[in-house]
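Q: fold the following.
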Amino acid sequence: MTNASFDDYSTIRFERQDRVLRIILDSGAPLNGVNDPMHHELARVFTDAARDPDSDLIILTGEGRAFCAGGDMDWFQDMIDDPTGFRAIAPDAKRIVFSLLDCEKPVICRLNGAAAGLGASIALLCDVIIADETALIGDPHVKVGLVAGDGGAVIWPQLIGFARAKEYLMTGDMIPAGDAAAMGLINYAVPGDQLDAKVDEMAAKILGNPRWAVRWSKTAVNITLKEIAAKVMDASIAYEMISNMTRDRQEAVTAFREKRKPNYTGE
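A: Modelled structure (predicted):
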């Protein structure tokens, strides 16, 4: 596989420096929100990156001031209007999680800004997460009427325990990067002008070790995470699809777009 194999992506960009492949999320939606094309591309990008012969380490980051703010509201409305669209993306939702866990190459998340929902799941499934201290991270699926089905139920409890994970998944609260680092949700929160230096320092440390020792150490650790994902993902995605068809789901999206407080009925 050559560099040209990444040319057919429209919502993700790629840069190279020596043996490092930088993957840059760039959907064009507000705050780098996930739309249908990006969701499809996220389902294959980590497989393509794993097969890339010209890199030994991946840095995942976002374009602009956000890492990835979760699903784009226009896309959300499309799937409410036609729930078969949600059903159609379910296989890709699983592929995103499993392909990231299956990637043997170390993946550093350069968390340059807000990471929410699926954006947070992708960030937290990386191997080392280094954030700008002004960034916020959280899984506010419930705030838009959805079950946290696309990875949040898998990774949050493993990082911060069940009590805290359930708190944040049920409230949808966003967490400042410094607090996230203190509780072990991410590895580091640093001033924005030090973010690249910290990421580069971590990459150099990892790349300074023998390639296969690093890759297979990661692989061994991820066995348990893949077992958990295999048990959780089908049910969590199914619950998310069902929640997409509730009246409160439509109200949540409508209220968000109209910039008003939602009026939930419990239906």
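
Q: and residue 60, backbone torsions?
A: The phi and psi values for residue 60, taken as degrees, to the nearest 10, are phi -110, psi 130.

Q: mind checking which helix or strand the spatially most central residue of the chain is in?
A: Residue closest to the mean C-alpha point of the chain, counted by Cα atoms, centre = their mean, is residue 122 at 2.0 Å. For residue 122, the element it lies in under DSSP states H and E is helix 118-124.

Q: also residue 255?
A: Assigned by DSSP H and E, residue 255 belongs to helix 247-258.

Q: show me what counts as buried in that helix.
A: Buried residues in helix 247-258, counted by 16 or more other Cβ atoms under 10 Å: 248-255. Placement of C-beta: from N, CA and C, glycine included.

Q: helices of the stretch 1-150 of the chain, start to end?
A: Here the stretch 1-150 of the chain has its helices, by DSSP state H, counting those that start in this stretch, at 36-51, 73-81, 84-102, 118-124.

Q: looking at those helices, which is buried most?
A: Comparing those by mean neighbour count (mean count of other Cβ atoms under 10 Å), helix 118-124 comes out on top with a mean of 28.

Q: contact partners of stretch 218-227?
A: With Cβ atoms under 8 Å, 6 or more residues apart in numbering as the test, stretch 218-227 has contacts from 98, 101-102, 104, 106, 125, 127, 154-155, 158.

Q: now the buried residues of helix 247-258 in JSON lines, with pLDDT and distance to residue 52?
A: Listed next are the buried residues of helix 247-258 as JSON lines, based on pLDDT from 0 to 100; distance: Cβ to Cβ, whole Å:
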{"residue": "248", "pLDDT": "97", "distance to residue 52": "43"}
{"residue": "249", "pLDDT": "97", "distance to residue 52": "38"}
{"residue": "250", "pLDDT": "97", "distance to residue 52": "41"}
{"residue": "251", "pLDDT": "97", "distance to residue 52": "44"}
{"residue": "252", "pLDDT": "96", "distance to residue 52": "39"}
{"residue": "253", "pLDDT": "96", "distance to residue 52": "37"}
{"residue": "254", "pLDDT": "96", "distance to residue 52": "42"}
{"residue": "255", "pLDDT": "96", "distance to residue 52": "43"}
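
Q: going by distance to residue 36, which of those wins?
A: For these, the closest approach to residue 36 (Cβ to Cβ) belongs to residue 253, at 15.8 Å.

Q: how much space between the closest residue in space to the closest one that isn't next to it in sequence and residue 214?
A: With Cβ to Cβ, 6 or more residues apart in numbering as the criterion, residue 253 has its nearest non-adjacent residue at 5.2 Å, and that residue is residue 76. Taking Cβ to Cβ, to the nearest Å as the measure, residue 76 falls 38 Å from residue 214.

Q: what's the answer for residue 250, then?
A: Remark: distance between residue 250 and residue 214 (Cβ to Cβ) = 47 Å.
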